Structure formats: C-alpha cells, structure tokens
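J.: no sequence on this one, just coordinates:
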C-alpha cells in the first residue's frame, strides 16, 4: 500500500479503517458493505468487485446516467440518484429504501474537498466519506493503485479490476482479458512505429472547443510517457484546457483526435483532413481494466495511422 493508505479489517473485532487522500482517517465498527459513490468512483469499484448500492453524478450530469461515464453500472443495475449536489431528502429516503449507506466514496481534484457531493449529505446519511485524488499531481498508476487499495479494504478479491469499464466504447468493452501492462506495451510499440500527432479535445459547440493540456490529465500524461506525440495547445489561460475556436484546432494538424465523448460535450465540429477519431472519456473509471481498454483503442488507432 502507499504511504497514505491505512486500511485494515480486524477479524476479531470487525473494526475497519482507511485513510483517504485528504488525510482523513476513517474508522467503522466493521467493514462497510453498502457503498454510495460518485459515478466515476462507483464504476471503478464495480470493476474491482465492489458493487455500489447507488451512484450519483456531478454538476455536469443530468437526471439520467451518462452511459459514457457509467462503465458497467447500468448492466449491473446500480441505481443512479442524479447530480450529487442536488441530492435531497428524497434521495436520502431512496438510499434508505435500498438498505442505507455505510460509506460514501467521491473523488477530489484539490486534495481537500469532494468533487461531486456536499459533505453535509454524507453526514445526513450517517456514513463516512472517502475521497480519492484524481488530480494531475498524481500519476495514473498511483491513482489506479489507490482505488485498488480501497477495493481491497472493502473486500474485493485478489486479481479484481481486470474486467473492463468501457465508458461507452464497445471496442474497449471487448478487452476484458487485457492487463494494464499489456495495454501499455501495445501503446509503446505503436507509438514507436510511427509519428502520429495526437490532439485531445472537448467540443463546446460550433464556435468553441476546449483543447486538453496533456500534462493536466493523468491518462494523457501516461500516454505521453509511453511515447505518444501529443500536440500542445499553446499558451493561454486555463490549467487543464485552452479554449479556442475550431479553426485554430484544425490548424494544429493532428493525425489522431481524442474527443470527449461524455454527454456534456458535443461531437467534433471540425477536424484536420484525414484525422482519425477516437472517443475519450476524461472521467474513465480509475481501474486497471478500464484504462487497459482505452489504451488498447489508442494503440490500434496509432497503428492504423502509422
């Protein structure tokens, strides 16, 4: 386990503990069994063998579960409660009908606050709140490793997490047997065989597009470490994105475009001539299986463009 982890289950007393990425040391009389989670965290836990009793979205989500972010949640019939910060007494009652919650799991970008839920709602449920970092300040292996540690602390079996959480990509969903190491090896090999320039973006409409800064997204940073040649958006405001127009994006001359496929984004309005398109979920569930699926798709696209 990492230095920040402190997870244990005492078979004699049933006591349980876990230190999250805010540094909060959480304890319970026994290992939690009924988990309510942010969609991204819940999909990762499901990959790891821990089925949430319910999940909630972020401020970008609507009243229906975004299939791109859902991974295997819909197939597992995990109820979706709606955007986290809009959860109210009715949502609390719904959780009660499902048997209640003894743990809430969210993500954090700043290492201080949960991303998608007001802490007061977890307090209303009487459940401790675990938040795990998905910040660019952490490497992708570290992020995936922390979720694996939480899954283990919640009773996930050895070897869990190899199944896909495809985020709506059917080709990624077919990659159930891939390991992260295999997928990374495929990316490294494909990147070494060609010189395809890659641009990641999120469409905002016919006049505007957000171009991803690769270092600000752990999965893109990891792909770059494996040899993928990303197009840098250039100077300008925005730590994670450069917001500009489609003409500027086309002028960057990428041969492969990773486009944000979530429901709150819009499809690419314009792309460079001859560029290949690959769907990208910037909130891919932090499990080895989910990222293995995405990396395999990227490797295939790089090979096709080599």
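T.: Thanks, I have the structure now. Predicted, not measured: the structure shown is a model, and the values here were computed from it. Numbers count the residues shown, from 1 in each chain.
J.: Pairing partners for residue 200 in the sheet, please.
T.: residue 258 (DSSP bridges).
J.: same question, the one 5 residues further on
T.: For residue 205, the beta-bridge partners are residue 208 (DSSP bridges).
J.: what about it, how many neighbours?
T.: 10 (other CB atoms under 10 Å). To be clear about C-beta, it is placed using only N, CA and C from the backbone, and glycine gets the same treatment.
J.: Also residue 211?
T.: 24.
J.: Check the gap between it and residue 305 for me.
T.: The spacing between residue 211 and residue 305, counted by CB to CB, to the nearest Å, is 19 Å.
J.: what do you get for residue 15?
T.: With CB to CB as the criterion, residue 15 and residue 305 are 54 Å apart.
J.: who has more neighbours, those two?
T.: Each of residue 15 and residue 305 has its neighbours counted (other CB under 10 Å); residue 305 has more, 18 against 14.
J.: Test my guess that that one contacts residue 272.
T.: No: using CB atoms under 8 Å, residue 305 makes no contact with residue 272, being 11.7 Å away.
J.: overlap in contacts of the two?
T.: Between them, residue 305 and residue 272 share these contacting residues under CB atoms under 8 Å, 6 or more residues apart in numbering: residue 255.
J.: Could you list the low-confidence segments of the stretch 151-300 of the chain?
T.: For the stretch 151-300 of the chain, the stretches with pLDDT under 70 are 157-178.
J.: And the strands in it?
T.: For the stretch 151-300 of the chain, applying DSSP state E, counting those that start in this stretch gives strands covering 197-205, 208-212, 229-230, 241-244, 256-260, 276-280.
J.: Which residues are in contact with residue 52?
T.: Residue 52 touches 35, 36, 37, 42, 45, 46, 73, 78, 105, counting by CB under 8 Å, 6+ apart.
J.: mind listing what residue 244 touches?
T.: Residue 244 is in contact with 208, 209, 211, 233, 236, counting by CB under 8 Å, 6+ apart.
J.: what number of residues lie near the closest residue to residue 15 other than its chain neighbours?
T.: Spatial nearest neighbour of residue 15, excluding adjacent residues (CB to CB, 6 or more residues apart in numbering): residue 29 at 6.5 Å. Using other CB under 10 Å, residue 29 has 10 other residues around it.
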